[in-house]
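> Have a look; sequence and predicted model below, questions after that.
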Amino acid sequence: MLEIAVKHRGITQDEYDKKARELKEKQYTLSDRLRSLAEADENYSITLISLLNICSKAPELFASSKVEQKRQLINFLLSNLQLRGKKLDYTLKKPFDVLVNLDYRSNWLGREDSNHK
């Protein structure tokens with residue numbers, strides 16, 4: 001049987017220090033990235049909550065607005081406006097199209113868990 005001799009050599013202090021610096025730099029980079037992602041997630045949540053609050057007050061905001069503000073609000077929410085006789089056709093812009101369908105999505109939850117008391 002052929003045996004292969006493997007020489008085990010230690011690493012030098014310089015090699016160790018270099019690798020330790022590389023790993024510390026990578027650790028700092030990952031920590032910064034994680035902090036950025038956490039801040040982005042928090043900003044997203046704040047924006048979403050603000051958007052939902054505005055949407056819940058949309059009828060009051062619209063009713064109390066001047067004509068130019070109403071036009072801006074309509075342009076912000078809707079696209080492809082077409083008047084066909086007495087019917088107004090439109091397309092909701094994102095993310096408002098998703099908000100309108102939230103009630104429909106709640107049906108996806110299905111039935112309650114059989115362990116629910």
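Perfect, thanks for sending it. Numbers count the residues shown, from 1 in each chain.

> distance of the residue most central in space within the chain from residue 77?
Nearest to the geometric centre of the chain sits residue 44, at 5.7 Å (Cα atoms, centre = their mean). Using Cβ to Cβ, to the nearest Å, one gets 21 Å for the distance from residue 44 to residue 77. Glycine gets a C-beta too; all of them are placed from N, C-alpha and C.

> ok, residue 61 - how many residues close by?
Residue 61 is flanked by 14 other residues according to other Cβ atoms under 10 Å.

> ok, it - contacts?
By Cβ atoms under 8 Å, 6 or more residues apart in numbering, residue 61 lies in contact with 54, 73.

> Following the chain past the longest helix seen in the chain, name the next helix or strand.
Ranked by residue count under DSSP state H, the longest helix found in the chain is helix 13-56. Downstream of helix 13-56, the first helix or strand assigned by DSSP states H and E is helix 58-63.

> Buried residues, that following helix. List them.
When neighbours are counted by 16 or more other Cβ atoms under 10 Å, no buried residue of helix 58-63 is found.

> Likewise for stretch 24-39?
By 16+ other Cβ under 10 Å, stretch 24-39 has no buried positions at all.

> how far does that stretch sit from the chain's center?
19 Å (Cα atoms, centre = their mean, to the nearest Å).

> Tally up the residues packed near the closest residue to residue 55 other than its chain neighbours, please.
Among residues not flanking residue 55 along the chain, residue 99 sits closest, at 5.9 Å (Cβ to Cβ, 6 or more residues apart in numbering). Residue 99 has 14 neighbouring residues, counting by other Cβ under 10 Å.

> Noted, bye for now.
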